[in-house]
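Visitor: sequence first, predicted model second:
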Number of protein chains: 2
Amino acid sequence: MEFEFSVTQVHNKARTGRLVTPHGTVETPLFMPVGTQATVKGISNRELVEVGSQIVLANTYHLMLRPGPERIAGLGGLHGFTGYTGPWLTDSGGFQVMSLGHRRVISEEGVTFSNHLNGDRTLLTPERSITVQEQLGADIIMAFDECPPYPAERDYLEASLERTLRWLERSLAAKTRSDQALFGITQGGVEPDLRRASTLETIKFDLPGYAIGGLAVGEPKEKMIQAVELSTDILPPDRPRYLMGVGHPEDLVAGVALGVDMFDCVYPTRTGRFGYALVDEGRLNLSSARYKDDPEPIDPACDCYACQNHSRAYLTHLVRAGEMLGLRLLSLHNLRYLHRLMEEARRAIATGSYGEFARRFAARRWPAGEPAWFRQAMERAGVW
Amino acid sequence: MEFEFSVTQVHNKARTGRLVTPHGTVETPLFMPVGTQATVKGISNRELVEVGSQIVLANTYHLMLRPGPERIAGLGGLHGFTGYTGPWLTDSGGFQVMSLGHRRVISEEGVTFSNHLNGDRTLLTPERSITVQEQLGADIIMAFDECPPYPAERDYLEASLERTLRWLERSLAAKTRSDQALFGITQGGVEPDLRRASTLETIKFDLPGYAIGGLAVGEPKEKMIQAVELSTDILPPDRPRYLMGVGHPEDLVAGVALGVDMFDCVYPTRTGRFGYALVDEGRLNLSSARYKDDPEPIDPACDCYACQNHSRAYLTHLVRAGEMLGLRLLSLHNLRYLHRLMEEARRAIATGSYGEFARRFAARRWPAGEPAWFRQAMERAGVW
């Protein structure tokens, strides 16, 4: 079996698991760094391995436009092209078409848009998305979906989730490779009945994994948590659950409590490029003058290369001087931060101490008391 | 003895040597990467070690302005501040004042200029340069000199080299630390008699090392080579000779033949950031469409991380997509290229085969025949 998921430990709603893919086995829950253009910005393959990345995500939309899927296929798919030989996941392009495409026209057939590189009109359909994803050759590929904006009208959400279901059917029909696992994506915004309906219909396809889509697009945290909870209550326990586009540490801790297995987000690398370092207390702004003379590392407890070798003062100098190395080191640290968080979460689940883990996290993150949404998530997950 | 230079092998004018510094011993001839702002752009400390860098250069002018020498001193000098614990060399700021400062006024006291960061008027004198270099704490520091433009009038060159000699005297008088070696810098443009006079006067100071300054500023190669040859003929054989700002591979091969021990240049990292990879044949332009489908590494014979792990096609994609990793990998390769070239030069000197080494180099670099200046350099060096 090239693709197999097994839950290894369960602790209330949270669980650890093991996901076997053609390019390696990974431990869940996990965070996936985003390699938009077939590179996690500024980070080398060996650094990805070193910080504990297990799967890397690449964007179908970007790679379809440049350097083109035929080219990547000819060079051995993402694995051969990039030299990163561990597991890859590609998204479907559905989200980027909406966030980066201009003059979008959504029809039953697909989405026509002017691309962000040269403005050419392009049609992306479920069939085209799957063809491109087969050329890219990731281990996990995603069904082509529509990700509605927040807020959106109920009528629109309803029509959109139904179209996404029909697109899922077409995505499956277009699939020809047996060595790639196709995940379906649920939608429905944060309307509980629509999210529930989308999830119930999606699981009828009996897929190797399911993604919760359309969240972290501007809705209040309470609504996101509610949508995640009702999704994981419905999704089959023996399939991996992937909460798309979510990467803030507190969202990972809450999501894992509610039974999510996989996350991805540009957050750690993007915020690193903006000069921020993730710490338990939140973020350090290393472009501020505050750390100019600070000889301490970002986090004395962190085992990343940046923390083991450099002071906040030096990183601040690099960031303020616009030096590439600063952005690189902060991105590296931030990835390690999220991977360490997920390693700790896995240990906490395995030892039945997720509640304590989440309490320690919350006490550092919010010394004056955690927000209501986080407490509710922990309570609904049964760990507090 | 904290600072000691010994010539280990001599082959005609070329020689290998060993330079002991307070932070490590290095093998000459060598190339020094430039860490302008206390970072070799995009390259981590461990990568510097991995590619074979032995000494790193930092710019007094830049670091004086940002983050400030007191700050670096407070954080343990360049070694402590950057975490790069091998040998460092700082220049005097003399060259940058001329190339980056605005509204320069040169007087006997020093150079007043508007800095390139915020336009503030600043006075850099020999005393100030040495004080800053003592705060930065490099193993090798440079006398404050004036680097005239090319072409320059004889009268100007003559006045300038005499001022540079007086500034050398003041640099030496200002020096208080015994654990830093101060090198003098010769000037005189490409006027043989002026270059000779500058060199003869400079060596009277009996310094631990000498730099040949004011070359590679636009003069024809023939004139540069002539100036180098007459310099190395005069400079004492038991002191290291540093040809400043020179980093093109062919210039290194010629310079070593003529008895130069040390070189520095931003060339390998800068041309890397422009999308070029150094190879024996010259440079590959990886931003061109030509390599879009090329599965070969930059150079199959190269042992650098980029060549061991990535194709030209992938690097071209990274460069064309504006990805940081591309610039990083090309800079890494280019540094390794120059360090390998110097390793081969050292072996060739040690085995008395520098002529053959230079012939192999020239045959690849110029398949249609080497230029006259290179042939003349080899003939004058006695290796051809």
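Guide: Sure, I can see it.
Visitor: residues from the stretch 1-150 of chain A in reach of chain B?
Guide: Counting by Cβ under 8 Å from any Cβ of the partner chain, the stretch 1-150 of chain A comes close to chain B at A:37-39, A:41-46, A:66-67, A:71, A:74-75, A:81-83. C-beta: built from backbone N, CA, C; applies to glycine.
Visitor: mind giving me the ChimeraX command for buried ones among these?
Guide: The following ChimeraX line selects those of the residues of the stretch 1-150 of chain A next to chain B that are buried, judged by 16 or more other Cβ atoms under 10 Å in any protein chain shown:
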select /A:37,38,39,41,42,43,44,45,67,71,75,81,82,83
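Visitor: give the rounded mean pLDDT of stretch A:115-135.
Guide: If you average the pLDDT over stretch A:115-135, you get 95.
Visitor: which other residues reach that stretch?
Guide: A:60-61, A:63-66, A:69-70, A:72-73, A:77, A:90, A:92-94, A:97, A:100-102, A:109-114, A:141-144, A:167-168, A:170-171, A:174-177, A:180, A:182 (Cβ atoms under 8 Å, 6 or more residues apart in numbering or on different chains).
Visitor: just the buried residues of the residues you listed.
Guide: The buried subset of the contacts of stretch A:115-135 - by 16+ other Cβ under 10 Å - is A:60-61, A:63-65, A:69, A:72-73, A:77, A:90, A:92-94, A:97, A:100-101, A:110-113, A:141-144, A:167-168, A:170-171, A:174-175, A:180, A:182.
Visitor: now, which of the residues you listed lie within strands?
Guide: Of the positions in the buried ones among the contacts of stretch A:115-135, A:90, A:111-113, A:141-142, A:182 sit in strands, assigned by DSSP state E.
Visitor: from the residues you listed, which is closest to chain B?
Guide: Among those, A:Thr90 lies closest to chain B (Cβ to the nearest Cβ), at 15.8 Å.
Visitor: and the closest one, bridged to which residues?
Guide: A:Thr90 has these beta-bridge partners by DSSP bridges: A:Ala58, A:Ile141.
Visitor: spit out the contact partners of it.
Guide: A:57-60, A:63, A:78, A:133, A:136, A:138, A:140-142.
Visitor: quick check: the two most widely separated of these?
Guide: Across these, no pair lies farther apart than A:Leu63 and A:Ile140, at 15.3 Å, counting by Cβ to Cβ.
Visitor: give me the phi and psi for the residue of the stretch 101-250 of chain A found nearest chain B.
Guide: Nearest residue of the stretch 101-250 of chain A to chain B: A:Leu117, at 9.5 Å (Cβ to the nearest Cβ). The phi/psi pair for A:Leu117 (degrees, to the nearest 10) reads phi -90, psi -50.
Visitor: spatially central residue for chain A, please.
Guide: Among the residues of chain A, the one closest to the centroid is A:Asp264, at 1.2 Å (Cα atoms, centre = their mean).
Visitor: could you find the closest non-adjacent residue to it?
Guide: Distances taken as Cβ to Cβ, 6 or more residues apart in numbering or on different chains put A:Met32 closest to A:Asp264, at 4.1 Å, once the chain neighbours are dropped.
Visitor: next one: A:Tyr305
Guide: A:Tyr305's closest residue in space is A:Leu332 (Cβ to Cβ, 6+ apart), at 6.1 Å.
Visitor: please apply the same query to A:Glu109.
Guide: A:Thr125 (5.7 Å).
Visitor: ditto for A:Ile298
Guide: A:Ala277 (4.4 Å).
Visitor: relative to A:Val319, how far out is the one you found?
Guide: 10 Å (Cβ to Cβ, to the nearest Å).
Visitor: spit out the residues that contact those two alike.
Guide: A:286, A:330.
Visitor: the more surrounded of the two?
Guide: A side-by-side neighbour count of A:Ala277 and A:Val319, using other Cβ atoms under 10 Å in any protein chain shown, places A:Ala277 first with 28 against 25.
Visitor: now stretch A:207-222: buried residues?
Guide: Residues of stretch A:207-222 classed as buried: A:207-217, A:219, A:221 (neighbour count, 16+ other Cβ under 10 Å).
Visitor: of the residues you listed, which fall within the contact range of chain B?
Guide: Of the buried residues of stretch A:207-222, not one also sits near chain B (Cβ under 8 Å from any Cβ).
Visitor: any stretches of the stretch 201-350 of chain A with poor pLDDT?
Guide: For the stretch 201-350 of chain A, applying pLDDT under 70 flags no range at all.
Visitor: where does it get nearest to chain B, residue-wise?
Guide: Closest point on the stretch 201-350 of chain A to chain B, by Cβ to the nearest Cβ, is A:Met324, at 4.2 Å.
Visitor: what's the local residue count around the residue lying closest to A:Val20 once chain neighbours are set aside?
Guide: Using Cβ to Cβ, 6+ apart and skipping the chain neighbours, the partner closest in space to A:Val20 is A:Glu4 (4.3 Å). Neighbourhood size, A:Glu4 [other Cβ under 10 Å]: 12.
Visitor: for A:Ala289, same thing?
Guide: Residue crowding around A:Ala289 was assessed by other Cβ under 10 Å; the count is 9.
Visitor: got it, and A:Leu200?
Guide: Neighbours of A:Leu200 using other Cβ under 10 Å come to 12.
Visitor: work out for me the element it sits within.
Guide: helix A:192-203 (DSSP states H and E).
Visitor: right, and the helix or strand after that helix?
Guide: Using DSSP H and E, the helix or strand that directly follows helix A:192-203 along the chain is strand A:210-212.
Visitor: circling back to that earlier point, can you list contacts of whichever strand or helix holds the residue nearest to A:Ile298?
Guide: Here A:Ala277, judged by DSSP H and E, is contained in strand A:276-279. With contacts defined as Cβ under 8 Å, 6+ apart, strand A:276-279 is touched by A:249, A:268, A:271, A:283-286, A:298-299, A:315, A:330, A:333-334, A:337-338.
Visitor: run the last query once more with 10 Å
Guide: Taking contacts as Cβ atoms under 10 Å, 6 or more residues apart in numbering or on different chains, the residues outside strand A:276-279 that touch it are A:247-249, A:267-268, A:270-272, A:282-287, A:291, A:297-299, A:301-302, A:306-307, A:312, A:315, A:319, A:329-331, A:333-338, A:340-341, A:364-365.
Visitor: so chain A: which segments form each domain?
Guide: With domains defined by automatic domain parsing, chain A comprises A:4-265, A:272-352.
Visitor: endpoints of the longest one, how far apart?
Guide: To tie it back to what came earlier, the one meant is domain A:4-265. 24 Å (Cα to Cα, to the nearest Å).
Visitor: need phi/psi at the most far-flung residue of chain A relative to its centre.
Guide: Distance to the chain centre peaks in chain A at A:Asp293, reaching 35.3 Å (criterion: Cα atoms, centre = their mean). Backbone geometry at A:Asp293, expressed as degrees, to the nearest 10, gives phi -120, psi 20.
Visitor: make sure it is actually in contact with B:Arg71.
Guide: Yes - at 6.1 Å, A:Asp293 and B:Arg71 qualify as touching, with contact defined as Cβ atoms under 10 Å.
Visitor: what's the overlap in contacts for these two?
Guide: Residues touching both A:Asp293 and B:Arg71 (Cβ under 10 Å, 6+ apart): A:Ala313.
Visitor: ok, back up a step: ok, for the residue of the stretch 201-350 of chain A closest to chain B, nearest residue in space, not its chain neighbours?
Guide: Nearest to A:Met324 is B:Gly42, by Cβ to Cβ, 6+ apart, at 4.2 Å.
Visitor: surely the one you found is within a helix?
Guide: No - B:Gly42: not assigned to a helix; according to DSSP: H, G, I helix; E, B strand; the rest coil it is coil.
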